[in-house]
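In: Got a sequence here, can you build the structure:
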Amino acid sequence: MFKNLTYKKKNQLLLVAILVVAYLIYVLAISKTIAAFHDYKNLQKNVELVKNAPVMANQLEKELLQIDSRIGNNNMEGLQTEQALLELLSNYCKSNKAILREFPASTNFAQGDLLIETNKFVVEGNFSTLLKLVYLLEQKNKLGKVASVRYQYKKDVITRNMALTATVYLQNIKKQDQALIVN
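Out: Residues are numbered from 1 along each chain as shown. This next block holds a predicted model:
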């Protein structure tokens, strides 16, 4: 059968046979080896993650404890927080010639197992006095987080003079007790 073929035809058939054999070798052996190598690399990464899992779990536990301590470090009841804030504002206004214009009751908002308590108050005075008050609330007496401050320069209806006021929103985040959750 191959005796009647020319060398050129024999070489072409040999080349085709080599290509078919190379394809079969790749499909049957090499591709599976490459896939096994990639699986090995992925498993090595997973082994590294598993080795570091206890360390990462401890680190996450510490971060969770820090977050819980930040949330729970001001565990005063709502009325005690309001009372402490009112006392602080009264003393500050008295000593710095500022006027406490509004101090409405705090508002509470439940989100998940957290209770967000917001105290809003309005203080009138000059800019440096109001700025020092905000600094005092943020940095020194941490009765909550200063969520927002709105400065307004408007005409006072009673005295008919222009007055600068600061509306301050002070928030506290507390964990709700399971007994307090009522749907």
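
In: all strands for the chain, in order.
Out: Ranges of strands within the chain are 99-102, 107-111, 114-124, 145-155, 162-175, based on DSSP state E.

In: Quick check: can you name the pairing partners of the third one and their directions?
Out: Right, strand 114-124. Strand pairing for strand 114-124, determined by DSSP bridges: strand 99-102 (antiparallel), strand 107-111 (antiparallel), strand 162-175 (antiparallel).

In: now the last one and strand 145-155, what's the angle there?
Out: Spelled out, it's strand 162-175. 160 degrees (axes from the mean of the first three to the mean of the last three Cα atoms, to 10 degrees).

In: if we can go back for a sec, mind putting the strands of the chain in JSON lines, distance to Glu138 included?
Out: Yep, even glycine has a C-beta here, placed from its N, CA and C like the rest. Formatted as JSON lines, those follow (distance: least, Cβ to Cβ, whole Å):
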{"stretch": "strand 99-102", "distance to Glu138": "18"}
{"stretch": "strand 107-111", "distance to Glu138": "20"}
{"stretch": "strand 114-124", "distance to Glu138": "14"}
{"stretch": "strand 145-155", "distance to Glu138": "5"}
{"stretch": "strand 162-175", "distance to Glu138": "10"}
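
In: So which of those is nearest Leu137?
Out: strand 145-155 (5.4 Å; Cβ to Cβ).

In: Mind listing the strands that closest one pairs with, and their directions?
Out: Short version: by DSSP bridges, strand 145-155 pairs with strand 162-175 (antiparallel).

In: Mind listing what's buried along the strand it pairs with?
Out: Ala163, Thr165, Ala166, Val168, Tyr169, Leu170, Gln171, Asn172, Lys174 (16 or more other Cβ atoms under 10 Å).

In: tell me the least confident of those?
Out: Lowest in pLDDT among the buried residues of strand 162-175 is Lys174, which has 78.

In: you'd agree that one is up against Asp113?
Out: No: in this structure, Lys174 is not within contact of Asp113 by Cβ atoms under 8 Å, at 10.0 Å.

In: so what's Lys10 up against?
Out: With contact taken as Cβ atoms under 8 Å, 6 or more residues apart in numbering, Lys10 is in contact with Phe2.
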